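>>> make a model of this:
(one chain, ligands or ions: 1)
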Amino acid sequence: MKKIAIVGMGAAGVSVLNAISKNKDYQNCEIVLYDQPRTFGTGVPYQSDSEKLLINQTADTMSLDPEDSLDFVKWVQKKKGIPNSEKSFFPRTWFGDYMQEKLAESVKMVQPRIIYEWVTDLKVKDDGTYLIKSDTASEHYDIVHLCIGHLPYQDPYQLLGTKGYIHHPYPVKQELANIPRGVRIGIIGTGLTGIDLIRYLKLQDKGYSIQIFSRDGRFPLYRGYEPEIILNHLTMENVQQAKARNNGFVPLEKMIEWFRLECVDKQVDIEYLRLHFSRGNKKQLKEQLCNDNGIGMLQAIIHKMDTHIAEFLQAFTKTDKESFFTYYEPLFKHFRTPMPKESLKELVQWWDSGEIEVWEGLQSVELEDSGFKAEVADDETVKVDYLVNATGHDMEVKQSVYHSELMNHLVQNEIIQPERFGGVKVIWPSAEAISRRFGILRGLFIHGQLIQGIQYGNNAHLLMQQAYKVVNDYTESKKTELKD
Ligand SMILES: Cc1cc2nc3c(=O)[nH]c(=O)nc-3n(C[C@H](O)[C@H](O)[C@H](O)COP(=O)(O)OP(=O)(O)OC[C@H]3O[C@@H](n4cnc5c(N)ncnc54)[C@H](O)[C@@H]3O)c2cc1C
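Numbers count the residues shown, from 1 in each chain. Modelled structure (predicted):
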């Protein structure tokens, strides 16, 4: 009987277990799940927290059931009594509740053993098995699914541990709860985490003065109406044909040409959108609120690419991939990761009324006797009492005081190997780890943000699809071994 560990029970881990529960080839396997109690079955983004934190995608894109893309929409109707919610944005905690139900169904079927602890070490044994250590347990496994989510938050101003600095802001109800009324709070970062924090702090109504700092002042746009579309140019068929003609690669120019053709087909004026919306500043956000000029269609094209985006990136030469990440990806990401429209409306309203202030050109942050001093554009300085980090997660896998004990051990023992474009190297699409020391690690599967340099996308639906693929493809090749 094979023994399988799933380490980390967020969207990826839950989906791996769901896939295992539906595949009869795994029915004789012993399954063990690891995670801390607080995030077991929800992961970090969907854990119990404020309902002000919203999913940044519409409900019809959040299903964790590969057979039914409207599974989450149906759940919302059944549990919350809200009909026709396909294009609505709901609290992330609702998705956490939905995940917990999916988990409970699979637990009932598979009856895994659960170890409510963090894994601290993973070793490769001579016989090809894996030894996993947690605080109180040490067990051998034939197969490991590593689903540990994001790398730690960045700390660009080295403030970790400083009084008044909140390095990891989630769960906000816990981490931001003790900030006294009426103080000046600075938020570093204008991405989706920054939006979460602005909304949460503002809607608390505690008279905070909220100052937002950023280098480029670029806020996300809002998600427009994304119609159901079919891609005609950015297709796997075109990729295969182009690879056959170009020694197994697709030139970046070709991919850009397909992207442009896709925009022309769907009447998206990409140059216009680039000129009018790429800065994400106040003027542009307001312009989008007046007339989104087809951004929803552009977002629909980008969203539709999700299923094959890893294959598209794999098809580039290293040089082309480098060029893509240097010159195109920042803008691609800007259009790809929008916020709900309501959030943008609130942001602009608060900004206009002076209830929040936004400072571009952040140069440095210094600790003062009481609070922090930020130096921004034009040598201006802004003082705040508390500072909250929204600079996003580190992308680089390395040994560091910020990383978990497990991650440091994996790097130190060369079990995982950094990937140039973020996260670690895996074989694609099987997602088995590539180790400099051990070669391809058969049966060590890596999911989620840890393989973002290869998989690129990291939304819940995509993680679910990949989890099912990995689980099912493995049994296709190892049917007999699983029964041993
Ligand atoms: C703040 C935030 C908001 C987001 N919002 C959205 C959204 O609205 N829509 C969307 O589609 N995507 C969103 N995402 C993307 C998100 O990353 C994915 O949707 C998904 O939740 C990631 O799932 P995961 O399982 O890979 O990671 P996580 O959900 O982070 O789960 C990883 C789990 O692994 C556990 N773990 C870590 N280390 C160990 C260890 N050593 N031992 C045992 N367990 C461990 C953690 O405790 C955690 O429970 C958001 C991401 C963030 C950070």
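
>>> could I get the buried residue list for stretch 162-173?
Under the neighbour-count criterion of 16 or more other Cβ atoms under 10 Å, stretch 162-173 has 164, 165, 166, 167, 169, 170, 171, 172 buried. Glycine gets a C-beta too; all of them are placed from N, C-alpha and C.

>>> now those in JSON lines, with distance to the ligand, secondary structure and pLDDT?
Below are these laid out as JSON lines (distance: Cβ to the nearest ligand atom, whole Å; DSSP: H, G, I helix; E, B strand; the rest coil; pLDDT from 0 to 100):
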{"residue": "164", "distance to the ligand": "22", "secondary structure": "coil", "pLDDT": "97"}
{"residue": "165", "distance to the ligand": "18", "secondary structure": "strand", "pLDDT": "97"}
{"residue": "166", "distance to the ligand": "14", "secondary structure": "strand", "pLDDT": "98"}
{"residue": "167", "distance to the ligand": "14", "secondary structure": "coil", "pLDDT": "97"}
{"residue": "169", "distance to the ligand": "9", "secondary structure": "coil", "pLDDT": "97"}
{"residue": "170", "distance to the ligand": "6", "secondary structure": "coil", "pLDDT": "98"}
{"residue": "171", "distance to the ligand": "10", "secondary structure": "coil", "pLDDT": "98"}
{"residue": "172", "distance to the ligand": "10", "secondary structure": "helix", "pLDDT": "98"}
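
>>> out of those, which is nearest to residue 246?
Proximity of these to residue 246 (Cβ to Cβ) peaks at residue 170, which lies at 44.0 Å.

>>> so the closest residue in space to the closest one that isn't next to it in sequence is in which element?
For residue 170, ignoring the flanking residues on the chain, the nearest one in space by Cβ to Cβ, 6 or more residues apart in numbering is residue 44 at 5.9 Å. Using DSSP states H and E, residue 44 falls within no helix or strand.

>>> wait, residue 44 sits on residue 10?
Yes. Counting by Cβ atoms under 8 Å, residue 10 is a contact partner of residue 44 at 6.5 Å.

>>> now do the residue nearest to residue 170 against the ligand, distance only.
As judged by Cβ to the nearest ligand atom, to the nearest Å, residue 44 and the ligand stand 4 Å apart.

>>> contacts only, for that residue.
Neighbour list for residue 44: 10, 149, 150, 170 [criterion: Cβ atoms under 8 Å, 6 or more residues apart in numbering].

>>> what's the distance between residue 244 and residue 237?
Distance of residue 244 to residue 237, computed by Cβ to Cβ, to the nearest Å: 11 Å.

>>> for burial, what's the neighbour tally of the residue in the stretch 101-250 of the chain that the ligand sits nearest to?
In the stretch 101-250 of the chain, the residue that lies nearest the ligand is residue 149 (2.5 Å; Cβ to the nearest ligand atom). Neighbour count of residue 149, defined by other Cβ atoms under 10 Å: 22.

>>> backbone phi and psi for it, please?
phi 80, psi -150 (degrees, to the nearest 10).

>>> pLDDT wise, what is it at?
Per-residue pLDDT puts residue 149 at 97.

>>> isn't it up against residue 7?
No. Residue 149 is beyond contact range of residue 7, at 10.3 Å (criterion: Cβ under 8 Å).

>>> joint contacts of these two?
Common neighbours of residue 149 and residue 7 (Cβ under 8 Å, 6+ apart) do not exist.

>>> coming back round to it: what's near enough to touch the residue of the stretch 101-250 of the chain closest to the ligand?
Residue 149 neighbours (Cβ under 8 Å, 6+ apart): 8, 10, 12, 43, 44, 448, 449, 450.

>>> the second one is in contact with residue 38, isn't it?
Just to be clear, that refers to residue 10. No. Using Cβ under 8 Å, residue 10 is not in contact with residue 38, being 11.6 Å away.

>>> which of the two has more neighbours?
residue 10 (28 against 12).

>>> now that one, what are its backbone angles?
phi -90, psi -160.

>>> nearest residue to it in space, please, no chain neighbours.
Using Cβ to Cβ, 6+ apart and skipping the chain neighbours, the partner closest in space to residue 10 is residue 43 (2.0 Å).

>>> how about the residues of the stretch 151-300 of the chain near the ligand?
Proximity of the stretch 151-300 of the chain to the ligand, by Cβ under 6 Å from any ligand atom, involves residues residue 193.

>>> cutoff 8 Å now
The stretch 151-300 of the chain comes close to the ligand at residues 170, 192, 193, 196, as judged by Cβ under 8 Å from any ligand atom.

>>> the residues you listed: which two are farthest apart?
170 and 192 (12.0 Å).
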